[in-house]
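**Student:** here's my sequence, what's the structure:
(chains A, B and C)
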Amino acid sequence: MDNDNATLIKQACADYDNDPRRMMDILWQVQDKLRCIDGEAMSLIASLTGTYRVEVEGVVSFYAFFSDKRKGDITIRLCDDIIDRHAGAQAVAEAFSGALGIQPGETSTDGAFSLEFTPCIGMCDQAPAALINDVVVTRLTPAKVKSILRTLRKTKDPQTLIGKTGDGANSDPLVQAMVRNNIRQPGPVLLTDVDPEQGLRAALQLSPQEVISHIEESLLRGRGGAGFPTGRKWRLAANTPAEERYVICNADEGEPGTFKDRVLLTEKPDLLFSGMTIAAYAVGARHGILYLRGEYRYLRAYLEETLQRRREQNLLGSGILGRKDFAFDIRIQMGAGAYICGEESSLISSCEGKRGEPKNRPPFPVQSGYLGYPTVVNNVETLSCVPRIMAQGATWFRGMGTTGSSGTKLLSVSGDCARPGIYEVAFGVTLAEILEQAGAQDAAAIVVGGASGQIVGRTEFHRRLCFEDLASAGAIVCFNSSRNILEAAAYYMDFFIEESCGYCTPCRVGNVFLKKGLEKIMHGEGEPEDLDYLRNLSDTIIATSRCGLGHTSPNPILSTMEYFPLVYSAMVKERPGGMQAGFNIQKALDEARIIAKRRSLIYDPAYGDRE
Amino acid sequence: MSTEFEFTVDGETVVAKPGQTIMDACDDAGVYIPRLCDVEGLVPQGSCRVCTVKVNGRTAAACTQPAEPGVVVENDTPQVQGYRRDLVRMLFHEGNHLCPICEASGRCELQAMAYRLGISQDSLYPYLQPVRPVDASHPDIALDTNRCILCGRCIRASRDVDGKNIFEYVGRGIHKRIGVNAENLAASDASIDDYAMSLEVCPVGCIIRKREGFFAPIGQRQFDNKPIGWEIEARHKNRIAVHQIDPSEEQS
Amino acid sequence: MKRKKRIATVSLAGCFGCHMSLLDMDEHILELMELAEFDRSPLTDFKTFSRRCDIGVIEGGCCNEENVHTLQEFRKHCDVLVAVGQCAIMGGLPVMRNAIMHSEDPLRECLEEAYSSSAKVYNPNNQIPNDAALPLLLDKVYTCAEVVKIDYQIPGCPPTGEVLWATLAALIKGEPAPQEYHMIKYD
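**Tutor:** The predicted structure is shown next:
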């Protein structure tokens, strides 16, 4: 390794006190500067941080945005989500490939460009989209690709691609993104114009116990999808004896089709930070972490500045709003391309500088989380509700929604609809009502909750969006009748295969087998017994997987089998002859024919005399 | 001072000490719960999931699940054994497990587990037949990762017993593998005397001790005559015969 | 008197070890002959099917077109197909070639490794066997179950004569095959 590179690595480690728990930050800095983290870099980082090279390699190889092979100075990550595909991502990919002379997954020989596919980057309402280094480009077309590359070749700076910036804070000097918020329906809780600090001021008038009681009374439940009661989570953490406690905000919005946290982070960061501060006050935490997904790095400077302003305004730091006994601060932890880090214990592993693998439970994070301390992990939307509840009261909040699901929910609507974007609705709204609002009356199938959710058909459009019926993190992906439902299920299975951490057998291996079983059916080679096979395999994966990823990964297949049974039954048929339809003798012989320069005596009938 | 408590496994009462996992308590009582990634002397990690049991109706990994008073555990039931068979089959189909040429055959825990679970018939699982490396650089040790089942026992043994951290997981998902703390094994400070390289640690034939292969003749190998887990079942107050699942059951 | 069951056997990409094992059932072979007769089989040297058989016993997987053709013939002419031994079940030793496929051209790579590029091979003319009478090789080795439906399998390398006798006798009588610890072996 040359001295310059070694110096850069030493600087990166020194910037984080050679602390192995800040491995993510160190690796980001090295990746940014050197465009790769190779074996020598791993060895040096390991020796500086007192870890082992193979541990560093374990972390580097876990995250999609780190690489042990050199990436181009400009890395183009095309969003490969099913919505982007429907919106023409394939043509865009081909345009990039053609113009750069490289295939996705490759780096140009001059080291200038890398082209990659990446799962959902949270821009489904403005697809097809891509990340060019940290810069988001949206609504891509093959024609735009040409001008993008022309600019990049000239300026070598992706930021110069931004012409007209998006609405709201997307135009902030520190954001400067062409991203649009697409807020289609504001609501009374989150997407409304209010003083974000009113709740914090109210909370600090109460004791921490009273704040928790207040949140419990509001019946606020986690907005990340699982719906765990927030107040109970806080109380469990507060009641665990410990010297330190942590509040972590989960902004690793990786569920395909979900982008509402991106809008909250853009438009309402103060509401969120205020919510984290209230949580910290309630549970007795002095430290907070915002875990921001790598795809949203374009928001980082803006969020850092917001934090700095809050420190200056005495909303963070010591003696917050004059409460001498209350000190709290927040740091931002960047993720690096791993869906699994949306799972709270994986997120904690990642914050600790490790591979983003789930931890064994028990102990639960509220008992032993970040660095072994009691830790509350809440979703962006959940924490953003908190100041509003403290300001307006639990009764006000409970007055919206259903008995089991109080308040409002942000929905991320995308796909085949006239008005994709963000809708704030009271819990209990029906799918049909949403589809009408979004202009998706001709929808034939809806993915509720993204890859881990349910793909439902028209018979289910009367169902209500709430924890008692269709629970989800709020993704509503619309497919019209021209879309192939099995293709969507197959895409989501590929997503899970790609994003499984591989820790446990059923999720690592079982999902691959599920996908292969589905492919067999899609190729018209399936038999009725293959449907039982998919069900039984799904049952084992769900029952034996270690975390939520494996508990939900069979959903694309199970829900399409439930709601679109005719699609499957049309694709399978009995084969009484006992031959395997998947075996293709002609294909199996092609290579030998070329090598041997002759045809088959058995299977090329015109050639031989047998058969 | 906390005291012992009881819970039941398949209707039988098992006594547990505070802090024990379900697996610990069952081991002491002579009730065998199948497992691959867990082994005595290393911290449990709950990754292979073969020790899946049902606890009050919900599935959990017995090696990491704390025992609690009064819980009802299902271990040897057709459903639970069915899950285990699926998991063992997944491992067989994930790697390249060629028992006829493997020097671990007969003392391989994966193979022995398949025998114990009565896996003789086909499943619809495809064979993935991955292309995986063999690292024979070290003078005394070879790694044939075709046979690796990612149990991580070598990782924990090297880290927690030898204090060397020679191994760690790298990659993710189906591409996850065991990495070595150097360019190859010869360049690491691995030694044949490490606990991580001992016969007890690698349950399959991935870590190969060179020049020692096939040391036991067929018929005298570890699991030739006694099933895996017999030494735990020998502790049971009334010795029970191994209940091997009848594969005819699988076809139903 | 009830008709004797007809058994057909074949060795595809196998080593005939399973057939040797079949002969290794000692005096049980007499009992087997009471219950069944061998039809198309290397044991009788009948090379084609002249009538339908009850049980087809397959040793070995498929590495060439002839293996595939024979296996398909067995499927057409036998009521029950039994895959015997690791090669028939999961490919066995021949399947090792599937896991060395680094290139886009795996068969060529395999042939070159076997006949020319390998360090221990002396083949100055780089000749790769290619007689018109040789069946074409498949792109990879297929297990029997990838080509046709298999009804039953008897693992082992080879399964012992005792296991083959016990299992075949049960299948002939229509009884469940016995399962004891020592009867399941993969080596």
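**Student:** ranges for the strands of the stretch 151-300 of chain A?
**Tutor:** A:183-185, A:246-251, A:287-292 (DSSP state E, counting those that start in this stretch).
**Student:** chain B too?
**Tutor:** For chain B, the strands defined by DSSP state E occupy B:5-9, B:12-16, B:52-55, B:58-61, B:72-74, B:134-135, B:141-144, B:167-170, B:177-180, B:207-209.
**Student:** so can I have JSON lines of those showing distance to chain C, mean neighbour count and mean pLDDT?
**Tutor:** The C-beta positions use only the backbone N, C-alpha and C, and glycine is treated the same way. Shown next, in JSON lines, are the strands of chain B (distance: least, CB to the nearest CB, whole Å; neighbours: other CB atoms under 10 Å in any protein chain shown; pLDDT from 0 to 100):
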{"stretch": "strand B:5-9", "distance to chain C": "22", "mean neighbour count": "17", "mean pLDDT": "97"}
{"stretch": "strand B:12-16", "distance to chain C": "22", "mean neighbour count": "16", "mean pLDDT": "96"}
{"stretch": "strand B:52-55", "distance to chain C": "22", "mean neighbour count": "24", "mean pLDDT": "98"}
{"stretch": "strand B:58-61", "distance to chain C": "26", "mean neighbour count": "20", "mean pLDDT": "98"}
{"stretch": "strand B:72-74", "distance to chain C": "22", "mean neighbour count": "19", "mean pLDDT": "98"}
{"stretch": "strand B:134-135", "distance to chain C": "10", "mean neighbour count": "14", "mean pLDDT": "96"}
{"stretch": "strand B:141-144", "distance to chain C": "11", "mean neighbour count": "22", "mean pLDDT": "97"}
{"stretch": "strand B:167-170", "distance to chain C": "20", "mean neighbour count": "24", "mean pLDDT": "98"}
{"stretch": "strand B:177-180", "distance to chain C": "14", "mean neighbour count": "20", "mean pLDDT": "97"}
{"stretch": "strand B:207-209", "distance to chain C": "16", "mean neighbour count": "22", "mean pLDDT": "97"}
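**Student:** and of these, who's closest to residue A:331?
**Tutor:** strand B:167-170 (26.6 Å; CB to CB).
**Student:** quick one: strands adjacent to that closest one?
**Tutor:** strand B:177-180 (antiparallel) (DSSP bridges).
**Student:** residues contacting the partner strand, please?
**Tutor:** A:54, A:57-58, A:61, B:132, B:135, B:143, B:145, B:148, B:150, B:152, B:154-155, B:166-171, B:188, B:190, B:206 (CB atoms under 8 Å, 6 or more residues apart in numbering or on different chains).
**Student:** now, these that are in helices?
**Tutor:** Among the contacts of strand B:177-180, the residues falling in helices (DSSP state H) are A:54, A:57, A:58, B:154, B:155.
**Student:** mind putting the strands of chain B in a markdown table, distance to residue C:47 included?
**Tutor:** Converted to a markdown table, the strands of chain B look like this (distance: least, CB to CB, whole Å):
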| stretch | distance to residue C:47 |
| --- | --- |
| strand B:5-9 | 57 |
| strand B:12-16 | 59 |
| strand B:52-55 | 50 |
| strand B:58-61 | 53 |
| strand B:72-74 | 54 |
| strand B:134-135 | 41 |
| strand B:141-144 | 40 |
| strand B:167-170 | 53 |
| strand B:177-180 | 47 |
| strand B:207-209 | 43 |
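**Student:** so how far is residue A:375 from the closest residue to chain A within the stretch 101-250 of chain B?
**Tutor:** In the stretch 101-250 of chain B, no residue comes nearer to chain A than residue B:176, which is 3.3 Å away by CB to the nearest CB. Separation of residue B:176 from residue A:375 (CB to CB, to the nearest Å) stands at 26 Å.
**Student:** these two: who's more crowded?
**Tutor:** Taking other CB atoms under 10 Å in any protein chain shown, residue B:176 and residue A:375 do not tie; residue A:375 has more neighbours (31 against 22).
**Student:** what does the stretch 51-200 of chain B put close to chain A?
**Tutor:** B:52, B:59, B:61, B:64, B:66, B:82-83, B:86-87, B:90-91, B:93-94, B:124-126, B:128, B:150, B:165-176, B:179-183 (CB under 8 Å from any CB of the partner chain).
**Student:** selecting buried members of the contacts of strand B:177-180 in ChimeraX, what would you type?
**Tutor:** Per 16 or more other CB atoms under 10 Å in any protein chain shown, the buried members of the contacts of strand B:177-180 correspond to this ChimeraX selection:
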select /A:54,57,58,61 /B:132,143,145,148,150,152,154,155,166,167,168,169,170,171,188,190,206
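**Student:** OK, contacts around residue A:95?
**Tutor:** Residue A:95 is in contact with A:142, A:145, A:146, counting by CB under 8 Å, 6+ apart.
**Student:** let me know the pLDDT of it.
**Tutor:** In this model, residue A:95 is scored at 98, pLDDT.
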